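Got a sequence here, can you model it:
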Amino acid sequence: MPPTKDRYHHGDLREELLRASLELIESEGLAAVSLRKVARTAGVSPGAPYHHFADRAALMSALAARGFEILGAAMTSARDSAPDPRAALIAMANGYVDFARDHPAYFRIMFRPELSQPDKHPDTEAAGDAAYAVLVAAVAAAADSGFLPATDTETTTLAWWSLAHGMASLTVDGKFALRATQSGTTPEALTDRITRIFADLIDRRSTAD
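Okay, the predicted model is just below:
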C-alpha cells in the first residue's frame, strides 16, 4: 500500500508505528529499526513518525515502556490468581518467562538502556520500576506469611528476578526450548519445575532458620 498521511487517524498512527516496529524486530532484528523503515512498513510518509517520536531512541523507549506495562500486568494477574504467597511467586516467575516467549520483540528492547535511553525518557524507567514493584510486594507478602525469611527481602526479590529473567533470556535465545526437548519435556513444564525447585530450596532454608 502506498504511503499516505491520511491512512490513520492521529491516535491510531502511533499504535501502527509501534506495531510496525515490533514487526521489523521480529523479522529483521533490532538493527533494522529506523524511523524511515518503520514508516515504510506502516505505509505512511517518511515524516509521519516524527509527529510522535523525536528520534529512534524515543520510539524504542515507547516500546520498552509498553513491554514493561504488559509484563507488570501479567505478573499482577499471576499473583492475584494464586492461592497463597508461595504459589504466587512461582506463578509470577512462570508468567515472566511466558511473557518473554510470547513477546520476544518487547523483551529484546526492555533491558537495553543504550537503545531506549531511559535517562532521557523517564516514562520507561517508571514503567520498569512499576513492574518490579509487583514482585517486591509479592516477596513482602511471602515473607509475612513465613514462606520467605523476613530479613533481607531486597536480596530475595533480586534472586527471584534473576531466576525468572535468566530463564526468560534463555527462552528468547532459543536455548531453553532446546534443553527442554533434550530432557523430554516442554519449555513450560521445565520452567515450572525449575521454579518449584528454587521455591523448595528457599522453603528449606526458611525452615532451618
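
Could you list the low-confidence segments of the chain?
1-11, 203-209 (pLDDT under 70).

so where do the helices sit in it?
Taking DSSP state H as the test, the helices found in the chain are 10-28, 35-42, 56-81, 85-102, 104-110, 113-116, 122-145, 153-172, 175-182, 187-208.

Tyr50 is nearest to which of those?
Closest to Tyr50 of those is helix 35-42 (CB to CB; 7.0 Å). Where C-beta positions appear, they are placed from N, C-alpha and C, glycine not excepted.

In the closest one, which residues are buried?
Applying a neighbour-count criterion of 16 or more other CB atoms under 10 Å, one finds 35, 37-39, 41-42 buried in helix 35-42.

what's the answer for stretch 13-32, then?
Quick answer for stretch 13-32 (16+ other CB under 10 Å): 13-14, 16-18, 20-25.

Can you give the contact residues for it?
Contacts to stretch 13-32, defined as CB atoms under 8 Å, 6 or more residues apart in numbering, come from residues 8, 33, 37-39, 41-42, 44, 48-49, 51-53, 59, 62-63, 66, 104-106, 108-109, 112, 115.

If any of those are buried, give me the PyMOL selection for them.
Here is the PyMOL command that selects the buried residues among the contacts of stretch 13-32 (16+ other CB under 10 Å):
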select buried, resi 8+33+37+38+39+41+42+44+48+49+52+53+59+62+63+66+104+105+106+108+109+115
